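> quick one, structure for this:
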Amino acid sequence: MNRESNPVAPRPLVNAAAALAAMVIAAGILGGVGTLFQSRGTPLATVAAAERACEHQAYASDRQACMKRWTVASKTIAIAAR
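Got it, this is the predicted structure:
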């Protein structure tokens, strides 16, 4: 009944290869998400400025419309400045 177990010897090369593969995959996912955030949408600074400019609006729908107009106007100014 007393069997001696034969544990598998740790393989440092396999562990290192798996860690490297995990890091490459994680970096790829992080880079892809970061690229999507930068290429689409409005920069956070523009959104914050639009919120400050439209904070006087009482209703949420009016505030959102004001923010949309403000961000479009700021993009138009930025494009004209090029």
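> any idea which helix is longest in this structure?
helix 12-39 (DSSP state H).
> and this structure, split by domain according to the record?
Taking automatic domain parsing as the reference, the chain has its domains at 12-41, 43-82.
> among those domains, show the one with the smallest mean pLDDT.
Among the domains of the chain, domain 43-82 carries the lowest mean pLDDT, a mean of 83.
> now stretch 58-78 - C-alpha only, CSV.
Extracted C-alpha coordinates of stretch 58-78, given in CSV (Å, rounded to 0.1, in the frame of the first residue of the first chain):
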residue,chain,number,x,y,z
ALA,A,58,-30.9,71.2,-16.3
TYR,A,59,-32.0,68.2,-18.2
ALA,A,60,-29.8,65.2,-19.2
SER,A,61,-31.0,65.2,-22.8
ASP,A,62,-30.2,68.9,-23.2
ARG,A,63,-26.8,68.4,-21.5
GLN,A,64,-26.0,65.5,-23.9
ALA,A,65,-27.0,67.6,-26.9
CYS,A,66,-24.9,70.5,-25.7
MET,A,67,-21.9,68.2,-25.2
LYS,A,68,-22.3,66.8,-28.7
ARG,A,69,-22.5,70.2,-30.2
TRP,A,70,-19.5,71.4,-28.2
THR,A,71,-17.3,68.4,-29.2
VAL,A,72,-18.3,68.7,-32.9
ALA,A,73,-17.4,72.4,-32.7
SER,A,74,-14.1,71.7,-31.1
LYS,A,75,-13.2,69.1,-33.7
THR,A,76,-14.1,71.5,-36.4
ILE,A,77,-11.8,74.1,-34.9
ALA,A,78,-9.0,71.6,-34.5
